[in-house]
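In: Here is a sequence together with a model predicted from it:
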Amino acid sequence: MAPLDRRAFLSLVGAQAGVAALGLPARAAKSDAIAVAYSTDVPTWDPNARVLANAQSLYKCVFDSPINQAPDLSVKPSFAKNWRYRDAASLELELELRDDAVFHNGDKATAEDFRYTFLERPKAPVPQGGQKLDTSSIWRRVKDIEILSPTRVVMHFSEVMPSAVTWLYFMGSYIVPKSYMEKQGPEGFLKTPVGSGPYRLAEYQRGARIVLEAHDKYWGGAPKLKRVTLEIVQDPSARVAAIDGRRVDLAVDLPIREIARLGAEAGIVGSIDSITDIVIVEATRTGPFEREEVRLAAHHAIDKQAISKALFGGKAVPIDVPAAHKTPGYPENFHFAYDPNKAVALLKQAGFGPGKPAQIGFNTLSGFFPNDFEMAQAIAAMWKKVGIEAKLEVIEAAKYQELLRANKLPEAMLYPWGNTTGDPEMYAGYLLDPKSIFAAWKSDDMGERIQRLVVETDPQKRYAGYREANIYAVEKGYTIPLFQGVKTVAYQSSLGFTKYDNGWILPQSYTLKA
């Protein structure tokens, strides 16, 4: 089957570029304030509760993590100044903490807050009807955190956790104030969240607006931009309109075609960059997807090159396993073919075909990352041609989290998986481990493979094991990898923008040019 050209492709999926007006007032120019059109809100202002990839940039404005990453993704100190393993078995991780970190309410951040964040909170009983923190799963192997002084702690692990240091700069690992949170209670904290990051939350309207003000006592120095207003704009066309009309200084996650147009305008810079996140179709053991033939057929039917060319100008790099290219867990010599004829043959083995399609549910986000809904339309159209009829439904990110944790996702879910680190455990290790709260697919055979790897301390053996596990998962149809993530931003040329290779949007690193 020949690849589709752009015109045929768009005709096939019925993609339309709707134009929406964003009701933002004209913005008065200021030398120390910016407005941003952002694609998603936080799921909650408790930064340990839910790990949603697109919300991490927002959390990093308000909260500190023990360790951080530079724009080139090199690791650098943050709340923790130094760290080292004290034993050959890697069961005791000692950290030296800063003595000049201050929470927004004026309290000093100390070892007590570190212990509370990574031990006491994750292991605390869950109130009736409540949900466990996502960090309770992430840090389940921490059996104790010993406080040696206000600035020195030792994390004691019940079993080896090779990714412990990596997790200290990954999702959900943000220091929260013990005294303030215990005094206010969870609900009080959500109303007035307090962190030790470069900005404090000054105003919040759920689903609409986040206003940040510089934290003058931030240990790293107060940000150059004193006020940042993030308008939560889910419609990508409205985000385009906002930057096009100069109502904002920066707009993120825009359609590729619009980035090219905006970048040609005077005073606007457009940027398209490949990042370490990936886009996948998550599969569940539901309905027709209980059959391996149907899952494999669904993967063989997707023309990734055509989607990249039509929707991303060829900038979206196809992937064959759930990891980004050139990361340790990616087997560069493995390829899963686009083969619609094989898809038809596999469906026939399972008793399906164009005349008797396999009917599945297919959820997607819309406006959460560039061209997500259009991509879902394209995939559904390709599936229909081989004999899979997908009922496409748009859901919010918060709804996805709810369905995932309740094991109620349909057969397929188009989702961007965030991994700012590139570590293979943060890809397959959490996507495919049946014990993981983040796993849509759950099977014992994958669990056995993953469990051997999460305690493997030899880096080369660990990486090789993940490469093998990734190939196995794809050949069994447990996951359908699509593309390496693409970050699209457009900003006014007066903004000194700092690009992070993992796609972070961090106003604390920006300046306004004279």
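Out: It's in.

In: going forward, measure contacts and count neighbours with C-alpha atoms only.
Out: Fine.

In: Can you name the residues in contact with stretch 107-123?
Out: Residues from elsewhere that reach stretch 107-123, judged by Cα atoms under 8 Å, 6 or more residues apart in numbering: 97-103, 132-133, 135-137, 139-140, 142-147, 149-153, 173-178, 196.

In: Kindly check the end-to-end length of that stretch for me.
Out: 24 Å (Cα to Cα, to the nearest Å).

In: can you pull the buried residues of that stretch?
Out: Buried residues in stretch 107-123, counting neighbours by 16 or more other Cα atoms under 10 Å, are found at 107, 109-123.

In: now, which of the contacts of stretch 107-123 lie within helices?
Out: In this view, the contacts of stretch 107-123 that belong to helices under DSSP state H are 135, 136, 137, 178.

In: These: which two are farthest apart?
Out: Farthest-apart pair in the ones in helices among the contacts of stretch 107-123 is 137 and 178; separation 20.0 Å (Cα to Cα).

In: Which strand or helix spans the residue nearest to residue 263 when sequence neighbours are not counted?
Out: Nearest residue to residue 263, sequence neighbours excluded (Cα to Cα, 6 or more residues apart in numbering): residue 270, at 4.2 Å. Element membership for residue 270, per DSSP states H and E: strand 268-283.

In: so what's the residue located most distally from the centre of the chain up against?
Out: Relative to the mean C-alpha coordinate of the chain, counting by Cα atoms, centre = their mean, the farthest residue is residue 355 (38.5 Å). Each residue near residue 355 by Cα under 8 Å, 6+ apart is listed here: residue 387.

In: in the stretch 301-450 of the chain, which spans are strands?
Out: 358-364, 388-394, 412-417 (DSSP state E, counting those that start in this stretch).

In: how about TSV for these, with mean neighbour count and distance to residue 376 added?
Out: Listed next are the strands of the stretch 301-450 of the chain as TSV, based on neighbours: other Cα atoms under 10 Å; distance: least, Cα to Cα, whole Å:
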stretch	mean neighbour count	distance to residue 376
strand 358-364	21	7
strand 388-394	19	8
strand 412-417	24	7
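
In: Tabulate those (CSV), appending mean pLDDT.
Out: Output for the strands of the stretch 301-450 of the chain, formatted as CSV (pLDDT from 0 to 100):
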stretch, mean pLDDT
strand 358-364, 98
strand 388-394, 98
strand 412-417, 96
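
In: Turn those into JSON lines, columns for distance to residue 498.
Out: Below are those laid out as JSON lines (distance: least, Cα to Cα, whole Å):
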{"stretch": "strand 358-364", "distance to residue 498": "30"}
{"stretch": "strand 388-394", "distance to residue 498": "32"}
{"stretch": "strand 412-417", "distance to residue 498": "23"}
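
In: quick one, phi/psi of residue 204?
Out: The phi/psi pair for residue 204 (degrees, to the nearest 10) reads phi -150, psi 130.

In: and of the strands of the stretch 301-450 of the chain, who's closest to residue 250?
Out: For these, the distance to residue 250 is smallest for strand 412-417, at 21.7 Å, taking Cα to Cα.

In: Tell me which strands that closest one pairs with, and in which orientation.
Out: Paired strands of strand 412-417, with direction, are strand 268-283 (antiparallel), strand 358-364 (parallel) (DSSP bridges).

In: Pull the residues that contact it.
Out: Looking at what lies outside strand 412-417 - Cα under 8 Å, 6+ apart - the contacts are 53, 277-284, 360-365, 369, 372, 376, 427, 485.

In: again, only this time at 6 Å
Out: With Cα atoms under 6 Å, 6 or more residues apart in numbering as the test, strand 412-417 has contacts from 277, 278, 279, 280, 281, 282, 283, 362, 363, 364.

In: same check, this time on stretch 217-234
Out: 32-40, 100-101, 198, 207-216, 367, 508, 511.

In: can you do 7 Å?
Out: 32-41, 100-102, 196-198, 207-216, 239, 367-368, 508, 511 (Cα atoms under 7 Å, 6 or more residues apart in numbering).

In: from the residues you listed, which ones fall inside strands?
Out: Among the contacts of stretch 217-234, the ones falling in strands (DSSP state E) are 33-38, 209-214, 511.

In: Show me the two of those that sit farthest apart.
Out: Farthest-apart pair in those is 209 and 511; separation 21.3 Å (Cα to Cα).

In: Would you mind splitting the chain into its domains for me?
Out: 66-177, 277-486 (automatic domain parsing).

In: so where is this structure shaky, pLDDT-wise?
Out: 1-30, 128-129 (pLDDT under 70).

In: 80 instead, please
Out: Applying pLDDT under 80 to the chain flags residues 1-31, 126-130, 514.

In: ok, longest helix in it?
Out: helix 459-475.

In: what helices or strands is that helix leaning on?
Out: Packing partners of helix 459-475 (3 or more Cα pairs under 7 Å, 6 or more residues apart in numbering; DSSP states H and E): helix 444-453.

In: which residues sit in contact with the spatially most central residue of the chain?
Out: When Cα atoms, centre = their mean is applied to the chain, the residue found nearest the centroid is residue 53 (2.3 Å). With contact set as Cα under 7 Å, 6+ apart, residue 53 has these partners: residue 418.

In: so what's the backbone phi/psi at it?
Out: Dihedral angles of residue 53 (phi, psi; degrees, to the nearest 10) stand at phi -60, psi -50.

In: Tell me the spacing between it and residue 414.
Out: Counting by Cα to Cα, the gap from residue 53 to residue 414 is 14 Å.

In: My guess is residue 201 contacts residue 211. True?
Out: Yes - in terms of Cα atoms under 7 Å, residue 201 counts as a neighbour of residue 211; the distance is 6.3 Å.

In: ok, these two, which is more surrounded?
Out: It is residue 201, of residue 201 and residue 211, that has more neighbours when counted by other Cα atoms under 10 Å, with 20 against 17.

In: so which strand or helix has that one?
Out: strand 199-205.

In: buried set for stretch 65-76?
Out: Quick answer for stretch 65-76 (16+ other Cα under 10 Å): 65, 66, 67, 68, 69.

In: Contacts for that stretch next, please.
Out: Outside of stretch 65-76, the residues within contact range by Cα under 7 Å, 6+ apart are 77, 78, 79, 80, 168, 169, 173, 174, 175, 499, 500, 501.

In: Just give me the closest of these to residue 474.
Out: For the contacts of stretch 65-76, the closest approach to residue 474 (Cα to Cα) belongs to residue 501, at 26.5 Å.

In: Tell me how many other residues crowd residue 472.
Out: 16.

In: ok, it - contacts?
Out: By Cα under 7 Å, 6+ apart, the contact list for residue 472 is empty.

In: What of residue 303?
Out: By Cα under 7 Å, 6+ apart, residue 303 lies in contact with residue 338.

In: The closest residue in space to residue 92 that isn't next to it in sequence bridge partners, please.
Out: Once flanking residues are discounted, residue 92 sits nearest to residue 156: 4.8 Å by Cα to Cα, 6+ apart. When bridges are called by DSSP bridges, residue 156 pairs up with residue 92, residue 144.
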